[in-house]
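S.K.: curious how this folds, go ahead:
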Amino acid sequence: MSDSTSYAASEALNDAIKAVTGDLTAAPATNQIDSWIGQLDLTGPGSQGEIALELKNLKDYISTNDSANIAHTLDALGQLTTKAADEDVAEDVSRKLRQLGQALTAASTSLPK
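M.R.: Residues are numbered from 1 along each chain as shown. Predicted structure coming up:
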């Protein structure tokens with residue numbers, strides 16, 4: 001991964017961490033989810049495709065205000081994101097993926113299941 005690609009990924013992950021620690025059910029959150037899906041390589045190696053699928057599920061659950069499934073999907077995203085941190089990525093990106101994974105898992109526990 002080039003330095004500029006690594007920097008862009010790091011900044012996108014910072015934005016994701018901020019979004020996850022905010023109100024995920026707010027209308028801007030669904031726009032952010034679309035942006036995240038657009039940044040993933042859906043056919044690439046690793047867990048990006050699985051993450052994209054869970055993000056699509058999350059968007060659907062937010063639109064129907066299904067808090068139990070939102071919580072479940074956030075937990076799944078937390079696990080997948082933490083797994084992605086162990087894939088072939090730059091160390092700074094790996095560290096931020098772990099932070100995002102922890103934030104997603106924490107967010108999942110704040111909603112009823």
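
S.K.: now name the helix or strand holding the residue nearest to the spatial centre of the chain.
M.R.: The chain has residue 77 as the residue nearest its centroid, 5.9 Å off, counting by C-alpha atoms, centre = their mean. In this assignment (DSSP states H and E), residue 77 forms part of helix 67-84.

S.K.: other SSEs contacting that helix?
M.R.: helix 48-63, helix 91-109 (3 or more C-beta pairs under 8 Å, 6 or more residues apart in numbering; DSSP states H and E). Heads up, the C-betas are built off the backbone N, CA and C, glycines and all.

S.K.: for the ones you listed, give me a markdown table that also has mean neighbour count and mean pLDDT.
M.R.: Putting the helices and strands packed on helix 67-84 into a markdown table (neighbours: other C-beta atoms under 10 Å; pLDDT from 0 to 100) gives the following:
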| stretch | mean neighbour count | mean pLDDT |
| --- | --- | --- |
| helix 48-63 | 18 | 91 |
| helix 91-109 | 18 | 90 |
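
S.K.: got TSV for these, with distance to residue 35 too?
M.R.: What follows is the helices and strands packed on helix 67-84, written out as TSV (distance: least, C-beta to C-beta, whole Å):
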stretch	distance to residue 35
helix 48-63	10
helix 91-109	14
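
S.K.: tell me which of those approaches residue 33 most closely.
M.R.: Closest of the helices and strands packed on helix 67-84 to residue 33 is helix 48-63, at 4.8 Å (criterion: C-beta to C-beta).
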